[in-house]
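S.K.: my questions concern the predicted model and sequence given below.
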Amino acid sequence: MNVPIIDVWANPTGMHIPEATQLFAQSHSDPELGHHRHSPAEVIAKMDEAGVSQILLAAWHRPGSTIFSNEQVAEYTRAYPSRIFGLASVDLLDPVAAVQELDHYVRAEGFKGLRVVPWIWNLPPTDAHYWPLYVKCIELDVPFCTQIGHTGPLCPSDVGRPIPYIDEVALKFPSLKIVGGHLGYPWVGEAVSVAWKHENVHIDTSAWSPKYYPSEFFTFANTTGRKKVMFGTNFPHLTWGTCVDAIRILGTGTRNGLREDVLRDFLGGNARRVFKLPGLQEKTNSSRL
């Protein structure tokens, strides 16, 4: 099956996030990917090897410091403008500067959205610090991307709960496009219900190997959620090759599988529409499926 694959949650390599160290260890992830900074060309080579067409690469901020800046991400997007797309990160505790930075990187550098990971700030998405950013995302017509579900890193998990937080944000800002990453586990039922309820709420599967997707996800994707689900890896936590190989079992149409038409939307069609990504110009080896 020749299907364009878009990873909506990719991270730069070579970052140091102390809280995430044990996540790599417990997931049996390759520590080399976590420690070595890969060049844009090296990232593209790994994408091509796995048959990944395009990725959304996120910058990272934390309270008091920048882990991987928007400008560093822009080095990747400038090098491969039809393959790598940026997601901005901001200092959540400085709302004025945060709005200005988001505006700049979307308008001047073509970034496709904003990502804020609540656990790193210990502030849920309903906190007032987020609100100016929601307004700016709506103005720019770009998605707000966030983590839903528990945290692998050793930080409080409650801030990632879909209900009440994502539900309340979607009620307050119904035109805001929201992409909740990491499936929402262990609150997958909440994540599915919120995505079903709100027109602009979506779910991505990052940080989960396809062989471990929960049954609630398959039921939702194969029925009312076909246009609400997106493929993500959390690279380099999970590698593209491993995830793409595991996806082969999803096109079976069985109870724990995805119909071929759903698979096309899940792997790339929905992401291309929601993030307004251009069509792929370069050829990639997407025939692995």
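M.R.: Yep, that arrived.
S.K.: ok but Val3 is inside a strand, no?
M.R.: No - judged by DSSP: H, G, I helix; E, B strand; the rest coil, Val3 forms no part of a strand; its state is coil.
S.K.: tell me which stretches of this protein form helices.
M.R.: For the chain, the helices defined by DSSP state H cover 21-26, 31-35, 40-50, 70-79, 95-107, 118-121, 131-140, 167-172, 188-197, 215-221, 240-247, 260-264, 270-274.
S.K.: and those, which one is worst for confidence?
M.R.: Lowest mean pLDDT within these: helix 21-26, at a mean of 57.
S.K.: out of the helices of the chain, nearest to Trp9?
M.R.: With C-beta to C-beta as the criterion, Trp9 lies closest to helix 270-274 of the helices of the chain, at 10.2 Å. Bear in mind the C-beta positions are built from the backbone N, C-alpha and C, glycine included.
S.K.: so which of the helices of the chain gets nearest Gly14?
M.R.: helix 31-35 (6.5 Å).
S.K.: hmm, back to that, okay if I get the helices of the chain as TSV plus distance to Ser157?
M.R.: Listed next are the helices of the chain as TSV, based on distance: least, C-beta to C-beta, whole Å:
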stretch	distance to Ser157
helix 21-26	13
helix 31-35	22
helix 40-50	30
helix 70-79	27
helix 95-107	24
helix 118-121	7
helix 131-140	22
helix 167-172	17
helix 188-197	13
helix 215-221	18
helix 240-247	23
helix 260-264	29
helix 270-274	26
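S.K.: can you give me the neighbour number for the nearest residue to Trp240 once chain neighbours are set aside?
M.R.: Using C-beta to C-beta, 6 or more residues apart in numbering and skipping residues adjacent in sequence, the residue nearest Trp240 is Ala50, 3.5 Å away. Ala50 is flanked by 22 other residues according to other C-beta atoms under 10 Å.
S.K.: and if you look at Ala45?
M.R.: 12.
S.K.: begin at 305 from here
M.R.: Will do, 305 is the new start, and the previous item becomes Ala349.
S.K.: just the buried positions in stretch 524-536, please.
M.R.: Within stretch 524-536, the residues that count as buried by 16 or more other C-beta atoms under 10 Å are Phe524, Ala525, Asn526, Gly529, Arg530, Lys531, Lys532, Val533, Met534, Phe535, Gly536.
S.K.: so which of those residues belong to strands?
M.R.: Val533, Met534 (DSSP state E).
S.K.: state the pair within the buried residues of stretch 524-536 that is farthest apart.
M.R.: Spatially, the most separated pair among the buried residues of stretch 524-536 is Asn526 and Gly536, at 18.5 Å (C-beta to C-beta).
S.K.: on that earlier part again, my read: the residue nearest to Trp544 touches Phe539, true?
M.R.: No - using C-beta atoms under 8 Å, Ala354 makes no contact with Phe539, being 9.5 Å away.
S.K.: what's the distance between Ala402 and His408?
M.R.: Distance, Ala402 to His408, using C-beta to C-beta, to the nearest Å: 11 Å.
S.K.: who has more neighbours, those two?
M.R.: A count of neighbours by other C-beta under 10 Å puts Ala402 above the other of Ala402 and His408, at 23 against 13.
S.K.: ok, back up a step: return the residues in contact with the residue nearest to Trp544.
M.R.: By C-beta atoms under 8 Å, 6 or more residues apart in numbering, the contact list for Ala354 reads Thr543, Trp544, Gly545, Cys547, Val548, Arg592.
S.K.: now, among these, which is nearest to Val446?
M.R.: Checking the contacts of Ala354 one by one against Val446 (C-beta to C-beta), the nearest turns out to be Trp544, at 24.0 Å.
S.K.: list the contacts of the closest one.
M.R.: Asp311, Lys350, Met351, Glu353, Ala354, Gly355, Val356, Thr537.
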